[in-house]
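>>> here is a sequence with its predicted model. Questions after.
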Amino acid sequence: MLTARYIANDKLLPWLLSLTETRQVLAPVQVGGQTLFAPLDADSRLDLKGLADASAKAALLPRCETLFEFHYSKSEGVPSRTELELRETLPDQETFLFGARPCDAKGFTVFDRVYDAGTRRDIYYCSRRDKTLVAVLACTDPADTCFCNRVGGGPGETDGADILFTPVKGGFVVEAVTERGDAFLLEQPLVEAEDRTEEARKVREAVSDAMPDEAPLVGIQSKVLELFDDKGFWEGITSKCLSCGACSYLCPTCYCFNMTDEIKGDDGVRIRTWDNCMSFQFTLEGSGHNPRDGKAQRMRNRIGHKFSYYPELHDGNLACVGCGRCIVHCPVSMDVRAIVDQARDRALAKEEHVND
Amino acid sequence: MTSTDATNLYLPDMATIQEVIQETSNIKTFRITLNNPDAMRRFRFEPGQVGQLSVFGVGESTFVINSSPTRMDYLQFSVMRVGEITEKLHKLRPGDQVGVRAPLGNCFPYEDMKGKDIVFVGGGIGMAPLRTLLLYMLDNREDYGKISLLYGARSPSDMAFSYELPEWLEREDMTTELTVDNGTPDWKHHVGLIPNVLKEMAPSAENAFAVTCGPPIMIKFTIEALHSLGFNDEQIVTTLEKRMKCGVGICGRCNIGTKYVCKDGPVFTYAQLRQLPNEL
Ligand SMILES: Cc1cc2nc3c(=O)[nH]c(=O)nc-3n(C[C@H](O)[C@H](O)[C@H](O)COP(=O)(O)OP(=O)(O)OC[C@H]3O[C@@H](n4cnc5c(N)ncnc54)[C@H](O)[C@@H]3O)c2cc1C
Ligand code: SF4
Ligand code: SF4
Ligand code: FES
């Protein structure tokens, strides 16, 4: 059996701070009116009330990271020649990610299938993944924009996580999920959970049962694809979209990136940054041709990727974990659930029409 | 310093430009060798694969390796100047350093093409990917049937690889036709659009493959012409261009539905293209 411990509410912050002596601790803290995952220190204001505004994905795929550095210099032998030196910069920071929600952790599994795919390993991502312990905090008060239960998750699930924290009376039950989560917990000065794991299980179950019972969105990949050429559908649903990209930047499963160089004098870096398929430039080609030159085409790709292409390539797993951030933060209130529900209804209606 | 750390997908190998050829007013060819002699000796690729060339400080862009795997003295890339990186590449001279991540992507089905007649139809810079396959086949001539090439450009001065064209025109074991949209008084070849010249040439579709690359509009009408000559979708091979970054199927930039041009392509048969969602 994997280790289970208990920590009282007033011991949590001191314990997390003690961890910062040996590693970075990322946790949801208040930053200028928002709740974001940031390195914890003595001045941090931990906020465990609900879902953080931005996802925890930056813990594994930073908004901006250096892939390598380069340096130009004059050749000693031949002054007209320039020498160039490259230096790899691999991440080596041990991290404890605390307070990610089950949807955040499940988002990492969406990344894993792409960034750690056998022979094609992204070593920047993989080394962060290896060095990061993911501790999820079970949800007790899902928002009405949450729909993890419709996309293969749940408020107490542990996919992608190493440790599970469940709020119970007076504190948290802390349970290991993976071997390395177990090894970590065994070393921690936390008290035995005794029989409180049962209480934790009941808490999780109650929350899960209370979530609205709507049709799952799993298994609908063919329905979305059927609508590929239905221009009217995509134009209709995107008429108010601003192409601002907030939805993809905040999404725990959006993983597209750009690579660019920055140079000052003889020294430079190649960096990668989050990119966003909702932007016009994303697919603009040299000839001026743009395969996705309208916001309807771009939304079709975003929805298609999450609910059709990705599941097609990855055993039916969706690339949406139902966190609802794109719904909460969209400036024009687009609702991904409504889009996918409409897509399914439309496709079903078409099928019936054909069968009539 | 050259890094040979094969596990870092994004770290380019360092390479030196050996030769620069001005092909046309906006196309230059670069012949490069990897700085690490062992890496250069071990380097393998197949006709149709691409590489990412880096100008450190500006960035990386995708180009076809248009030399042939049968001629490994250098790797050749032909670059049309269209933007920031290609502009910087055009300023480089022999001895300058570039980065290269290669080979990437799939290749032409040159094994399946054995024993068949091959019709090459190239437009503008689209001749680059055809060149690698053409040289490969000429170096393995006995494996293939009739080889014909139709190459078109806007004007005679827009023809890349002009120094090779006389040899291709003279060779007895291949047929070469050239065409331009706008001729000049001393132009001795066709004047006219590629698909029209192709119909005049009327290559037989029997036991044949057609390989075509060029601007999207040219490809569209070339495929129509090939259909009218009896070529079916499995016999037509082309390469796709999509904006790329990682080149290895991760960054999410180059997908068409479930296919990634950087790893499932750039080479597709027209039959495969027709299976994809219509987003070319
Ligand atoms: C598989 C493949 C093979 C290619 N082979 C060749 C080749 O052999 N020779 C050649 O000259 N070109 C080739 N290209 C096109 C070449 O990659 C682009 O022209 C080049 O990346 C433009 O870079 P830039 O920085 O100069 O342009 P930028 O300054 O980035 O942009 C100029 C314009 O080019 C567009 N652009 C940027 N990157 C690409 C891209 N990868 N594809 C299309 N448009 C782009 C931009 O959207 C912009 O409109 C190939 C592209 C692909 C995908
Ligand atoms: S956040 Fe809303 S407006 Fe902005 S790109 Fe996404 S759907 Fe469009
Ligand atoms: S698409 Fe929206 S609801 Fe789904 S994971 Fe992304 S941000 Fe969350
Ligand atoms: S270029 Fe990154 S996925 Fe194809």
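Nice, I can see it. Just so we're clear, the structure is a prediction, and the values are computed from it rather than from any experiment. Ligands and ions are numbered 1, 2, ... in the order given.

>>> from now on I want contacts and neighbour counts done on CA atoms only, so please keep to that.
Will do.

>>> how about the strands in the stretch 101-250 of chain A?
A:116-117, A:120-121, A:132-137, A:163-168, A:171-176, A:191-192 (DSSP state E, counting those that start in this stretch).

>>> which one of these lies closest to chain B?
Set against chain B and scored by Cα to the nearest Cα, those come closest in strand A:120-121, at 7.4 Å.

>>> give the pairing partners of that closest one; include direction for each.
strand A:116-117 (antiparallel) (DSSP bridges).

>>> now do the strand it pairs with, average pLDDT.
On average, the pLDDT along strand A:116-117 is 92.

>>> next one: stretch A:263-270
pLDDT averaged over stretch A:263-270 gives 95.

>>> next up, phi/psi of the nearest residue to residue A:284 once chain neighbours are set aside, please.
In this structure, residue A:284 finds its nearest non-sequential neighbour in residue A:290, 4.5 Å apart by Cα to Cα, 6 or more residues apart in numbering or on different chains. Per-residue torsions, residue A:290: phi -130, psi 110 (degrees, to the nearest 10).

>>> let me see the ranges of the helices in the chain.
Using chain A here. A:9-19, A:102-115, A:123-131, A:179-187, A:196-210, A:221-226, A:231-238, A:246-250, A:295-304, A:310-313, A:325-329, A:336-355 (DSSP state H).

>>> I was thinking of chain B, sorry if that wasn't clear
B:37-42, B:84-91, B:127-139, B:165-170, B:194-201, B:216-228, B:270-275.

>>> please identify the deepest-packed of the ones you listed.
Of all the helices of chain B, helix B:127-139 has the most neighbours on average by mean count of other Cα atoms under 10 Å in any protein chain shown, namely a mean of 23.

>>> what residue is smack in the middle of chain A?
residue A:252 (2.2 Å; Cα atoms, centre = their mean).

>>> picking that back up, I figured the residue nearest to residue A:284 was touching residue A:279, is that so?
No. Residue A:290 lies out of contact with residue A:279 (Cα atoms under 8 Å); the separation is 11.4 Å.

>>> for the residue nearest to the centre of chain A, give its distance to residue A:314.
To residue A:314, residue A:252 is 17 Å away according to Cα to Cα, to the nearest Å.

>>> ok so, going back, out of the helices of chain B, flag the one nearest residue A:28.
When the helices of chain B are compared by Cα to Cα, helix B:84-91 sits nearest residue A:28, at 40.1 Å.

>>> any residue of that closest one up close to chain A?
No. Helix B:84-91 stays clear of chain A (Cα under 8 Å from any Cα of the partner chain), getting no nearer than 10.3 Å.

>>> ok, and does that helix reach over to ligand 1?
Yes. Interface with ligand 1: helix B:84-91 contributes B:84, B:85, B:86, B:87 (Cα under 6 Å from any ligand atom).

>>> keeping just the C-alphas, turn that helix into PDB.
Provided in PDB are the C-alpha atoms of helix B:84-91 (Å, rounded to 0.1, in the frame of the first residue of the first chain):
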ATOM      1  CA  GLU B  84      14.100  37.500 -42.600                       C
ATOM      2  CA  ILE B  85      16.000  34.200 -42.400                       C
ATOM      3  CA  THR B  86      16.300  33.600 -46.100                       C
ATOM      4  CA  GLU B  87      17.500  37.200 -46.400                       C
ATOM      5  CA  LYS B  88      20.300  36.600 -43.900                       C
ATOM      6  CA  LEU B  89      21.200  33.200 -45.500                       C
ATOM      7  CA  HIS B  90      21.700  35.100 -48.800                       C
ATOM      8  CA  LYS B  91      24.300  37.300 -47.100                       C
END
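
>>> helices and strands around it, which ones?
Other elements packing on helix B:84-91 under the criterion 3 or more Cα pairs under 8 Å, 6 or more residues apart in numbering or on different chains; DSSP states H and E are strand B:50-55, strand B:59-64, strand B:75-80.

>>> let's see 7 Å
strand B:59-64 (3 or more Cα pairs under 7 Å, 6 or more residues apart in numbering or on different chains; DSSP states H and E).

>>> parallel or antiparallel, which strands does the strand it packs on pair with?
Going by DSSP bridges, the partners of strand B:59-64 are strand B:50-55 (antiparallel).

>>> run through who's touching the partner strand.
B:60-65, B:89, B:98-105 (Cα atoms under 7 Å, 6 or more residues apart in numbering or on different chains).

>>> which regions of the chain lie under the pLDDT threshold?
Picking chain A for this. Residues of chain A that meet the criterion pLDDT under 70 lie in A:354-356.

>>> actually, chain B is the one I wanted.
Residue ranges of chain B with pLDDT under 70: B:1-6.

>>> what's whichever strand in chain B runs longest packed up against?
Longest strand in chain B, counting residues (DSSP state E): strand B:13-24. On a contact count with 3+ Cα pairs under 7 Å, 6+ apart, strand B:13-24 meets strand B:27-34, strand B:97-104.

>>> the first one vs ligand 1: in contact?
Right, strand B:27-34. No. Strand B:27-34 is not in contact with ligand 1 by Cα under 6 Å from any ligand atom; minimum separation 6.9 Å.

>>> anything in that strand near chain A?
No. For strand B:27-34, no contact with chain A is found by Cα under 7 Å from any Cα of the partner chain; the gap never falls below 13.3 Å.

>>> export that strand as CSV, just CAs?
C-alpha atoms of strand B:27-34 as CSV (Å, rounded to 0.1, in the frame of the first residue of the first chain):
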residue,chain,number,x,y,z
ILE,B,27,17.6,32.0,-55.3
LYS,B,28,21.0,30.9,-54.0
THR,B,29,22.3,27.4,-53.5
PHE,B,30,24.4,26.6,-50.4
ARG,B,31,26.7,23.6,-50.3
ILE,B,32,27.6,22.8,-46.7
THR,B,33,29.5,20.2,-44.7
LEU,B,34,29.1,19.3,-41.1
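
>>> and stretch A:260-270, C-alpha only, in PDB?
Written as PDB, here are the backbone C-alpha positions of stretch A:260-270 (Å, rounded to 0.1, in the frame of the first residue of the first chain):
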ATOM      1  CA  THR A 260      13.000  32.400 -32.200                       C
ATOM      2  CA  ASP A 261      16.500  33.900 -31.700                       C
ATOM      3  CA  GLU A 262      17.600  36.800 -29.700                       C
ATOM      4  CA  ILE A 263      21.000  38.300 -30.000                       C
ATOM      5  CA  LYS A 264      22.900  41.200 -28.500                       C
ATOM      6  CA  GLY A 265      26.400  41.800 -29.800                       C
ATOM      7  CA  ASP A 266      28.100  38.500 -30.200                       C
ATOM      8  CA  ASP A 267      25.900  36.600 -27.700                       C
ATOM      9  CA  GLY A 268      22.500  35.200 -28.300                       C
ATOM     10  CA  VAL A 269      20.000  32.600 -27.300                       C
ATOM     11  CA  ARG A 270      17.400  30.500 -29.100                       C
END
